[in-house]
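Asker: Prediction below, plus the sequence it came from.
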Amino acid sequence: MAAGTGAQDRWFDSGRLCLDLVATGPGPGGCDRLDRPARLAEWLVASRLVPHGTPLTAVDEAWVARFRQLRAALDRLLAYQLGGESAQTALDQVNALAAGPPPGLRAVRGRDGTLVRVLSGPQGCGELLAAVARDAVDLLTDPVARAGLRRCEGEACARLYVDTSRGLRRRWCSSEVCGNRERVARHRRRVRAVP
């Protein structure tokens with residue numbers, strides 16, 4: 001996924017659209033990455049939900065509120081999935097959105113002659129929400145993907161990801177960020193323990 005404007009603004013790429021949306025939620029510092037329409041529009045492109053260059057002039061505060069509602073439902077549903085409990089209301093919300101029509105896509109020739117993906121016309125918020133909700137349905141109904149669903153073991157990190165590593169031994173959402181923090185902390189503990 002693309003990066004934002006600074007180190008704190010980097011978008012998380014879990015490999016699953018629905019998990020990427022959940023990752024936009026308030027982090028340890030309480031910063032919500034979908035705090036305004038421009039940030040949602042940036043995420044829609046960075047997540048590859050809409051092709052780069054797509055005009056997103058219709059994105060407004062109502063879109064932000066609807067994406068945040070879906071994010072909250074997904075977060076509850078996935079947390080309960082990991083805990084083996086039921087989250088029927090969240091499941092009902094996700095299913096209702098997934099039943100909507102997906103965004104219309106088509107292939108056109110780009111400037112260099114290769115085929116590129118574009119939206120077939122102006123897309124509403126509902127179509128884009130449906131795409132994210134369908135990804136969640138796919139994830140939760142695929143036994144292999146569902147078995148790989150994990151929460152990051154990094155300190156102060158609660159991001160979700162699908163573990164596709166050999167042996168399913170991945171522990172962190174990002175080896176470069178959370179994994180590196182853990183390795184540095186472990187090193188510091190060993191250094192302090194030496195008399």
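Answerer: On my side now, so go ahead.
Asker: Give me the residue ranges of this structure where confidence is low.
Answerer: Counting by pLDDT under 70, the ranges of the chain that qualify are 1-11, 28-29, 84-85, 175, 187.
Asker: for it, what spans make up the strands?
Answerer: Per DSSP state E, the chain carries strands over the ranges 105-109, 115-119, 149-151, 160-162.
Asker: Based on its surroundings, how many neighbours for residue 45?
Answerer: The number of residues packed near residue 45 is 17, by other C-beta atoms under 10 Å. The C-beta positions use only the backbone N, C-alpha and C, and glycine is treated the same way.
Asker: swap in residue 140?
Answerer: Count around residue 140 with other C-beta under 10 Å applied: 18.
Asker: now it, nearest residue through space, not along the chain?
Answerer: residue 146 (5.9 Å; C-beta to C-beta, 6 or more residues apart in numbering).
Asker: right, and that neighbour touches residue 138 too?
Answerer: No. Counting by C-beta atoms under 8 Å, residue 146 does not reach residue 138; the two are 9.9 Å apart.
Asker: mind listing what the closest residue to residue 150 other than its chain neighbours touches?
Answerer: Nearest non-adjacent residue to residue 150, counting by C-beta to C-beta, 6+ apart: residue 163, 4.9 Å away. Counting by C-beta atoms under 8 Å, 6 or more residues apart in numbering, residue 163 touches 148, 149, 150, 169, 170.
Asker: List just the nearest of the residues you listed to residue 194.
Answerer: residue 169 (28.8 Å; C-beta to C-beta).
Asker: Determine the number of other residues adjacent to that closest one.
Answerer: 7.
Asker: Many thanks, we can stop here.
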